[in-house]
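Engineer: Fold the stuff below for me.
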Amino acid sequence: MKKLLALAVVAGGVFFLIKRNRDAKAEADLWREATAPTERPTTGVSSNGSAPAKAGSDAASKN
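Structural biologist: Numbering: from 1, shown residues only. Presented below is the predicted three-dimensional model:
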């Protein structure tokens, strides 16, 4: 009976480690995808959809 219980504990530990490694890989893949640079160039519109402020000569002189 003790051997069967020990085997179950070892099997549970192995399954836990496999699941943890898969979850970590999935998280890393998701993070890599979310932070990857975009393929298309931005033409005057920022990634959040708003237009960037234009820096004019008076904006530079005020700083």
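Engineer: Point out where this structure drops to low pLDDT.
Structural biologist: 40-63 (pLDDT under 70).
Engineer: how about the strands in it?
Structural biologist: Remark: strands of the chain are absent; assignment by DSSP state E.
Engineer: Okay, helices next: where are they in it?
Structural biologist: Assigned helices in the chain, in chain order: 2-35, 57-62 (criterion: DSSP state H).
Engineer: Need the winner for burial among these.
Structural biologist: Sort the helices of the chain by mean neighbour count, taking mean count of other CB atoms under 10 Å, and helix 2-35 sits at the top with a mean of 9. Every residue, glycine included, has its C-beta placed from N, CA and C.
Engineer: Packing partners of that one?
Structural biologist: Using 3 or more CB pairs under 8 Å, 6 or more residues apart in numbering; DSSP states H and E, no helix or strand is in contact with helix 2-35.
Engineer: how far away is residue 27 from residue 15?
Structural biologist: According to CB to CB, to the nearest Å, residue 27 and residue 15 sit 19 Å apart.
Engineer: Check residue 30 too.
Structural biologist: From residue 30 across to residue 15, the span is 22 Å (CB to CB).
Engineer: And residue 38, by the same measure?
Structural biologist: Residue 38 sits at a distance of 38 Å from residue 15 (criterion: CB to CB).
Engineer: and if you look at residue 24?
Structural biologist: Per CB to CB, residue 24 is found 15 Å from residue 15.
Engineer: Return the residues in contact with residue 21.
Structural biologist: If a contact means CB atoms under 8 Å, 6 or more residues apart in numbering, then residue 21 has no contacts.
Engineer: Begin at 295, not 1, for the rest of this chat.
Structural biologist: Got it, the first residue is 295 from now on, which makes the last one we talked about residue 315.
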